[in-house]
Every structure is written in structure tokens, then in C-alpha cells.
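*Asks:* Next input, structure requested:
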Amino acid sequence: MKTLTLLRHAKSSWDDPVERDFDRPLNGRGRRAANRMGRYMRDAGLAFDHVLASPALRVQQTIAGVEDGYGRPLSPAYDRRIYMASAATLLDLVQAFDDAHGRVLMVGHNPGLEDLVLALVPPSPDGLRAEVEIKYPTATLAEMRFEVDRWKDVEEGGGTLDRFMRPRELDPSLGPEET
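*Replies:* As a prediction, the model looks like this:
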């Protein structure tokens, strides 16, 4: 069995005058959400054999916040291919994981992460996948299980979504701002 956990970067700041999207930092709510998600991961007993992440600044800062809440380092490997990747590219990366890793965390961006979940988990009239179809917010974690021994055997429709946790479910102040 293989477990793939996807974490979307936390809320970034559009107010910071950066030249490249790649260099956009987190805002205050994003930093709080990353830390809260790290505490959730710790309390839920989530552990990973390998962590792969986009090198974008907002992802690096998300990981730092998650590590603070998690209480231990995640020690990610950074791969530029994750930055703004399509679901097809992300699936290629997943299928190339070392089979020695049973539990992998990938930290990246939308729409690729959302599209990957929707591709890997078959449609159902209810359940967690329906929540992903509505929205995959920033700092949200999705955990999928695959009844395979090799990562290369992970295929579309072959996963079970066991967990979909949004920051607002852990702390309502981390949800969408009221207008």
C-alpha cells in the first residue's frame, strides 16, 4: 500500500511588490494556517518517508510554518517541476517515487494538486471527493491511499481519499474573509 498526501501552500500575499510570482511570500493568515496545519498533522500522527516540494517561496514558507507546528523537520527535496505543474506532470513525479517510500508528502500549488486528486480518486455521489470538487483552499491537506506495491502502478481512478482537511475546519478564523 502507498499513501500520498498533498498539501497546498498557505495563503500568499498579493500586497508584496515582487517581480516574479515564484517569489511571492505568505501573508499573516497563511503563516498562521501553515502552523495550525502542522499541529493537526502532528496530532493526527501523520508521518512521511519522503517529502517533495515546489521551491517557490510561498511553499518554502508554508513548510517552515508546518514544521513549527509539527514539531520536527520535514526535510523536503525541492523540485522545480512541481511549480505550477499540471496533474499529468504531478502524476509522472508520483509514479517515479522510490518504492522504498510508503508515505509521501507533496507540497505545491493549484490547480495541479486539486486536479491530481480529482484524477486519482473516482467520482462518488458523496464523500470527500465532492468537497475537493467544490474547492481545494490554500493550506489544505488531502491524503490518498493506493492498494499498490509500486508507485508506478498509481493510476487515474485508483485511489481512495481518506482525508481532506481545510484550515477553516481547524480554526474558523482561517477561513474565507467575510465581505
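*Asks:* Next SSE downstream of the single longest helix found in the chain?
*Replies:* The longest helix of the chain (DSSP state H) is helix 28-43. Reading on from helix 28-43 to the C-terminus, the next helix or strand found by DSSP states H and E is strand 50-53.
*Asks:* So which bits of the helix or strand that comes right after that following strand are buried?
*Replies:* Scanning forward in sequence from strand 50-53 by DSSP H and E, the next helix or strand is helix 57-70. Within helix 57-70, the residues scored as buried using 16 or more other Cβ atoms under 10 Å are 57-67, 69-70. Just so you know, the C-beta spots here come from the backbone N, C-alpha and C atoms, and that holds for glycine as well.
*Asks:* Met84 reaches His109, doesn't it?
*Replies:* Yes - using Cβ atoms under 8 Å, Met84 is in contact with His109, at 5.5 Å.
*Asks:* of these two, who's got more company?
*Replies:* Higher neighbour count among Met84 and His109: His109, with 21 against 16, using other Cβ atoms under 10 Å.
*Asks:* quick one: the more buried one and Tyr83, what's the gap?
*Replies:* 7 Å (Cβ to Cβ, to the nearest Å).
*Asks:* Check Lys135 too.
*Replies:* 21 Å.
*Asks:* So for those two, which residue has more residues nearby?
*Replies:* Ranked by neighbour count (other Cβ under 10 Å), Lys135 and Tyr83 place Tyr83 first, with 17 against 11.
*Asks:* contacting residues around the nearest residue to the more buried one once chain neighbours are set aside?
*Replies:* Closest residue to Tyr83 apart from its sequence neighbours, by Cβ to Cβ, 6 or more residues apart in numbering: Ser54 at 4.5 Å. By Cβ atoms under 8 Å, 6 or more residues apart in numbering, the residues touching Ser54 are His9, Tyr78, Asp79, Arg80, Ile82, Tyr83, Met84, Ala85, Val107, Gly108, His109.
*Asks:* at 7 Å what do you get?
*Replies:* Ile82, Tyr83, Val107, Gly108, His109 (Cβ atoms under 7 Å, 6 or more residues apart in numbering).
*Asks:* can you check Arg168 too?
*Replies:* So Arg168 contacts Leu174, Gly175 (Cβ under 7 Å, 6+ apart).
*Asks:* any idea what it is structurally, helix, strand or coil?
*Replies:* Assigned with DSSP: H, G, I helix; E, B strand; the rest coil, Arg168 falls in the helix class.
*Asks:* likewise Phe22?
*Replies:* Once three-state DSSP is applied, Phe22 turns out helix.
*Asks:* Distance-wise, check it relative to Gly158.
*Replies:* Look at Phe22 and Gly158: by Cβ to Cβ, they are 32 Å apart.
*Asks:* what's the answer for Ala96, then?
*Replies:* Distance, Ala96 to Gly158, using Cβ to Cβ: 16 Å.
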